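Engineer: give the three-dimensional model of this entry:
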Amino acid sequence: MIPEETFIEFLESNTKSADGAHDLSHIKRVVAAAGRLCDAEHADGEIVRSAAWLHDCVIVPKNSPDRKRASVMAAEKAVSFLKSIGFQDDEKLSAVAHCIEAHSFSAGIEPRTAEAKIVQDADRLDALGAIGIARCLITGAGFGAALYHPEEPKPERREADEKNFIVDHFYEKLFKLEHTMQTEAGRNEARIRTEFMKSWLDQLFREAGV
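Structural biologist: Below you'll find the model as predicted:
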């Protein structure tokens, strides 16, 4: 098994431009979540672990035209890295690449294997719950977006606009993730985290008097 330190050393030298929502802490949480899901689904732990560590080894800003290609680029770089450290099982390398390619929401690639479904679920779980809220705020603030629309905080009569209002990202993407989960354990955890986010938004709107 590849030591954790080997992955961390590689990531620290390749992801220096990562924002606060896609840093090493994010990757470690995805690795941990993927491990739990892997145990529940009885999948190949070596494939899942390698893909989880390397799923964000290429950083592409969310506002870049190459954003949809980020996971494919990461898969290519991950395979090159794994080969460089002696990982030579072509079948497993292909499986790791597919996990990484399919994890991305924006890429829209359907996961075909149990391992790919696990890595996708693990990454999406980190966009939900308390951690998901924090990551959403970090990312939105980095783009200079306002917290919410001053006249209509909930995008009910207007079209959601996540580029200008952070709260709108919950409605454009985050609340939809629960219904994209691929594993039973992932769906159960996503449901809990989504309910927490809805409660948090209700409290935010009460405090803001809107």
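Engineer: C-alpha from now on. contacts and neighbour counts both.
Structural biologist: OK.
Engineer: biggest helix in this structure, by residue count?
Structural biologist: The single longest helix within the chain, with elements called by DSSP state H, is helix 184-208.
Engineer: list the buried residues in that helix.
Structural biologist: The neighbour-count check on helix 184-208 (16 or more other C-alpha atoms under 10 Å) flags 185-187, 189-191, 193-194, 196-197, 201 as buried.
Engineer: cool, stretch 167-186 as well?
Structural biologist: Within stretch 167-186, the residues that qualify as buried by neighbour count (16+ other C-alpha under 10 Å) are 167-171, 174-175, 177-178, 181-183, 185-186.
Engineer: before we move on, the earlier item: what's the closest of the buried residues of helix 184-208 to Ala95?
Structural biologist: Closest approach between these and Ala95, by C-alpha to C-alpha: Gly186, at 20.3 Å.
Engineer: if we ignore the residues flanking it in sequence, what's nearest the residue nearest to the spatial centre of the chain?
Structural biologist: Within the chain, the residue whose C-alpha comes closest to the C-alpha centroid is Asp123; the distance, by C-alpha atoms, centre = their mean, is 3.5 Å. The spatially closest residue to Asp123, leaving aside those adjacent along the chain, is Val30, at 5.5 Å (C-alpha to C-alpha, 6 or more residues apart in numbering).
Engineer: count of neighbours near the one you found?
Structural biologist: As a burial measure, the neighbour count of Val30 was computed by other C-alpha atoms under 10 Å and equals 25.
Engineer: in this protein, what helix or strand scores lowest on average pLDDT?
Structural biologist: helix 4-14 (a mean of 92; mean pLDDT, DSSP states H and E).
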